[in-house]
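Asker: predicted model and sequence follow; I will ask about them next.
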Amino acid sequence: MAQSLSNFTIFSLPYLSFLFQAIVLTVESSNHQHEQPHQTGVLRTTPENLIRTRAGAPLKIALFADLHFGEDAWTDWGPQQDVNSIKVMSSVLDSETPDFVVYLGDVITANNIPIANASFYWDQALSPTRSRGIPWASVFGNHDDAPFVWPMEWFSATGIPQLVCPVVNSSYSGELECSFRGTSRLELMKNEMDNNLLSFSRSGPKDLWPGISNYVLQILSQETPQTPLVYLYFLDSGGGTYPEVISSAQVEWFKRISEEINPDSRVPELIFWHIPSKAYKKVAPKFKIRKPCVGSINKEKVAAQEAEMGIMKILVTRPSIKAVFVGHNHGLDWCCPYRKVWLCFARHTGYGGYGNWPRGSRILEINEEPFSIKSWIRMEDGSVHSEVILSS
């Protein structure tokens, strides 16, 4: 622990490294704020669930999955992975210049974060998008509010390392004080919503708790603003502090809302959650990725939700559902059709988490006339692959 001597605090070398990384991220964010603002086609509107396209231009969305900020936060290695993840997102954002970003869960590795407010790391993950003036929405993954896991090596002869634990009355005002209690989904979402005008994220209905981040956004056309172009649905697939599942209450909520706002299924719909449903296991390529599936890596088995409470039965009966997008599996990036609905993995974006596969981001492009939804993967090195049409 940090030792307090009167008004001074002695920090360990790992903490000084951590502090340096935080300064680097702050400077990078500050530099971007002085750049020319990103000319996004997504404008803040009232009510705040509306996204507008640019006239005559397609709407482009970047998916950032499994960033895992804050992993091994007490080491030199951990903060460096966060810096690397910032570089991946920055590369994708500068190459693609998307109009909107979706943070597809496991934004942080909460089970490795000892400080009282994990939003410190959540905010770092948002910084490349925010500094470029690009709006975003987020959905929770199983690591985002996972309880702190005490490393076994801390109880060996080397002992518990000196951690980022400033004194309570320091300039950090307790935000970085060690508590090991974790930060709830609700706290994380409240912090994001309260402190970011560019965030379109929502906590969702209270009767769906403990699930948070259940909400829907509309994409409106500049040409015909009275008619939605696409609906985007976000669902909390659980994990962390409660089971990995989309509950029957969420299924009923989706059924009711979708029938209310899109009763005749005339408007296309896209779905985002973190942990794949069991349907993903049914369509998963056995070895190589072959048509009709499209992708580049198939290096592990699908790690599906613990139970199926009916969400897929609802989705496959709605002709307006075009695709579902998930993260969770770092070694998968394919899209495969399932009863006329495309089931897609995003690409592992963050340097946190398991696996050494090259990082990247799934990109979606929505064209109005003629209508189409196209997707591809943009890699950190700038290369592009796995293009697929999801609207056919």
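Answerer: Happy to help now that I have it.
Asker: so which residues of this structure form helices?
Answerer: Secondary structure of the chain (DSSP state H): helices at 13-33, 77-96, 119-131, 185-195, 248-261, 279-283, 311-316.
Asker: in a markdown table: those, plus distance to Gly238 and mean neighbour count.
Answerer: Backbone N, C-alpha and C define where each C-beta goes, glycine included. A markdown table is the format used below for those (distance: least, CB to CB, whole Å; neighbours: other CB atoms under 10 Å):
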| stretch | distance to Gly238 | mean neighbour count |
| --- | --- | --- |
| helix 13-33 | 30 | 15 |
| helix 77-96 | 24 | 20 |
| helix 119-131 | 18 | 23 |
| helix 185-195 | 10 | 18 |
| helix 248-261 | 9 | 16 |
| helix 279-283 | 16 | 18 |
| helix 311-316 | 12 | 18 |
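Asker: adding distance to Ile219 and mean pLDDT, write those helices out as JSON lines.
Answerer: Below are these laid out as JSON lines (distance: least, CB to CB, whole Å; pLDDT from 0 to 100):
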{"stretch": "helix 13-33", "distance to Ile219": "26", "mean pLDDT": "40"}
{"stretch": "helix 77-96", "distance to Ile219": "17", "mean pLDDT": "97"}
{"stretch": "helix 119-131", "distance to Ile219": "18", "mean pLDDT": "96"}
{"stretch": "helix 185-195", "distance to Ile219": "20", "mean pLDDT": "95"}
{"stretch": "helix 248-261", "distance to Ile219": "13", "mean pLDDT": "97"}
{"stretch": "helix 279-283", "distance to Ile219": "25", "mean pLDDT": "97"}
{"stretch": "helix 311-316", "distance to Ile219": "19", "mean pLDDT": "97"}
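Asker: adding distance to Phe234, write those out as CSV.
Answerer: Listed next are these as CSV, based on distance: least, CB to CB, whole Å:
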stretch, distance to Phe234
helix 13-33, 25
helix 77-96, 19
helix 119-131, 16
helix 185-195, 11
helix 248-261, 10
helix 279-283, 18
helix 311-316, 13
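Asker: and of the ones you listed, who's closest to Pro358?
Answerer: Pro358 lies closest to helix 77-96 among the helices of the chain, at 9.5 Å (CB to CB).
Asker: tell me which residues are up against stretch 363-378.
Answerer: Residues from elsewhere that reach stretch 363-378 (CB atoms under 8 Å, 6 or more residues apart in numbering): 53, 58-63, 92, 95-96, 98, 219, 221, 223, 229-230, 268, 270, 295-296, 322-323, 325, 333, 335, 344, 347, 360-362, 384-391.
Asker: pLDDT-wise, which helix or strand of the protein ranks last?
Answerer: strand 8-10 (a mean of 29; mean pLDDT, DSSP states H and E).
Asker: count the residues that sit near Asn112.
Answerer: Asn112: 23 surrounding residues under other CB atoms under 10 Å.
Asker: about what we covered before: strands - which of the contacts of stretch 363-378 land there?
Answerer: 59-63, 219, 229-230, 270, 322-323, 325, 335, 344, 360-362, 384-389 (DSSP state E).
Asker: Leu104 contacts Ala65, correct?
Answerer: Yes: with contact defined as CB atoms under 8 Å, Leu104 and Ala65 form a contacting pair (4.1 Å).
Asker: residues that sit against both of these two, list them.
Answerer: In contact with both Leu104 and Ala65: 274, 327, 346, using CB under 8 Å, 6+ apart.
Asker: just put those residues in JSON lines and tack on distance to Arg202 and neighbour count.
Answerer: Conversion of those to JSON lines gives the following (distance: CB to CB, whole Å; neighbours: other CB atoms under 10 Å):
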{"residue": "His274", "distance to Arg202": "16", "neighbour count": "31"}
{"residue": "Gly327", "distance to Arg202": "19", "neighbour count": "32"}
{"residue": "Ala346", "distance to Arg202": "20", "neighbour count": "28"}
